[in-house]
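Peer 1: Structure for this input, please:
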Amino acid sequence: MSATCLRRAVHAEWTKLRTDTGHAWLLLGLVAVTASVGGAVAATARCPASGCGQDPVRLTLTGVSLGQTIAAIVAVLVVGHEYGTGLIHTTLAAVPRRTTVLAAKAAVVSGTVFAAGTVAVLASVLAGRGLLPGNGFTPAHGYAALSLTDGPTLRAVSGSVIYLVLVALLALGIAAAVRDAAVAMGVVLGLLYLFPLLSHVITDPDLRRHLAQVGPMPAGLAVQTTTDLRHLPIGPWAGLGVLALWAAGTLLIGGTVLRFRDA
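Peer 2: Got it, this is the predicted structure:
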């Protein structure tokens with residue numbers, strides 16, 4: 001894969017993405033949904049006394065759990081739309097090396113979701129900073145105002161943006177493997193939410209802990225936690241690493257299918 005070929009492929013993918021108004025609206029939706037849900041949770045959360053046991057940073061970042069669905073849709077459509085319209089034949093004729101095509105799509109999806117995710121997460125934190133003190137999350141109750149100068153808060157914020165990018169890459173890999181947008185989205189959502197659902201059904205605490213350690217969504221979202229870290233099934237960065245492995249695995253499968261199966 002030459003650097004020149006990759007640059008051309010990235011430019012082509014970026015041109016396709018920015019000229020499709022549907023993707024622009026989806027990215028705006030990612031920002032709006034993530035920030036509004038985070039703001040709504042911050043507005044309704046209450047901490048009436050010291051030691052109320054809540055994590056204010058994670059509360060403000062609740063919207064990421066919903067915003068990830070839109071990030072996944074963006075990634076799935078980057079592949080699924082081309083297969084649905086037959087445009088994939090033109091893409092592969094212009095860039096015969098199929099791994100380059102997937103790498104270019106991954107780069108463009110990562111960049112756009114990173115930008116939208118950054119705006120969404122920062123807006124959520126800004127909303128939380130303004131709303132939480134009025135609901136009891138004050139220094140008197142043991143909670144300082146949300147600030148990116150605080151190490152755990154910065155880690156949760158930056159980790160949430162990375163989480164959205166990794167979910168998008170996971171979805172891109174699945175879409176490249178199954179090729180159909182609707183099926184790919186079903187697989188992505190099933191994979192993300194299967195482990196949390198099983199955790200609510202299974203009563204064995206050890207098995208529930210293991211599910212939280214290996215599931216892409218529960219493991220990845222551990223990065224948002226800033227309090228009581230010792231009670232986490234998996235560490236914040238280690239959990240994000242688990243999600244990264246899931247994303248890498250789906251991209252490997254998708255790239256292999258794309259390489260060896262006819263378009």
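
Peer 1: Are there helices or strands packed against the host helix or strand of Ala32, and which ones?
Peer 2: For Ala32, the host element (DSSP states H and E) is helix 21-44. Contact partners of helix 21-44 among helices and strands, from 3 or more C-beta pairs under 8 Å, 6 or more residues apart in numbering; DSSP states H and E: helix 56-60, helix 64-85, helix 98-131. Using the backbone N, CA and C atoms, a C-beta is placed for each residue, glycine as well.

Peer 1: Let's verify Ser50: helix, strand, or coil?
Peer 2: coil (DSSP: H, G, I helix; E, B strand; the rest coil).

Peer 1: Stretch 156-170: how far from the chain's middle?
Peer 2: 4 Å (C-alpha atoms, centre = their mean, to the nearest Å).

Peer 1: buried sites along the helix or strand hosting Cys5?
Peer 2: If you go by DSSP H and E, Cys5 is part of helix 3-18. For helix 3-18, the neighbour count (16 or more other C-beta atoms under 10 Å) marks Leu6, Ala9, Val10, Ala12, Glu13, Lys16, Leu17 as buried.

Peer 1: Tell me where this protein is predicted with low confidence.
Peer 2: By pLDDT under 70, the low-scoring segments of the chain are 1-2, 262-263.

Peer 1: where's the closest residue to Asp20 other than its chain neighbours relative to Leu92, distance?
Peer 2: Among residues not flanking Asp20 along the chain, His81 sits closest, at 7.9 Å (C-beta to C-beta, 6 or more residues apart in numbering). As judged by C-beta to C-beta, to the nearest Å, His81 and Leu92 stand 15 Å apart.

Peer 1: do the same with Gly215
Peer 2: For Gly215, the distance to Leu92 equals 34 Å [C-beta to C-beta].

Peer 1: Please name every helix or strand in contact with the helix or strand hosting Leu194.
Peer 2: In this assignment (DSSP H and E), Leu194 forms part of helix 181-201. With contacts taken as 3+ C-beta pairs under 8 Å, 6+ apart, helix 181-201 sits against helix 64-85, helix 151-178, helix 205-214, helix 216-220.

Peer 1: Counting by contacts, list what the shortest one packs against.
Peer 2: It stands for helix 216-220. In terms of contacts (3+ C-beta pairs under 8 Å, 6+ apart), helix 216-220 is packed against helix 151-178, helix 181-201, helix 205-214, helix 236-260.

Peer 1: between Gly215 and Leu92, which one's more packed in?
Peer 2: With neighbours defined as other C-beta atoms under 10 Å, Gly215 and Leu92 compare such that Gly215 has more, 26 against 16.

Peer 1: In contact with the more buried one, which residues are there?
Peer 2: Leu194, Phe195, Pro196, Ser199, Val242 (C-beta atoms under 8 Å, 6 or more residues apart in numbering).

Peer 1: For it, what are phi and psi?
Peer 2: With angles defined as degrees, to the nearest 10, Gly215 sits at phi -70, psi 130.

Peer 1: Distance of it relative to Phe195?
Peer 2: 3 Å.

Peer 1: Val10 versus the spatially closest residue to Ala222 that is not a sequence neighbour, what's the distance?
Peer 2: Closest residue to Ala222 apart from its sequence neighbours, by C-beta to C-beta, 6+ apart: Gly239 at 3.4 Å. Taking C-beta to C-beta as the criterion, Gly239 is separated from Val10 by 30 Å.
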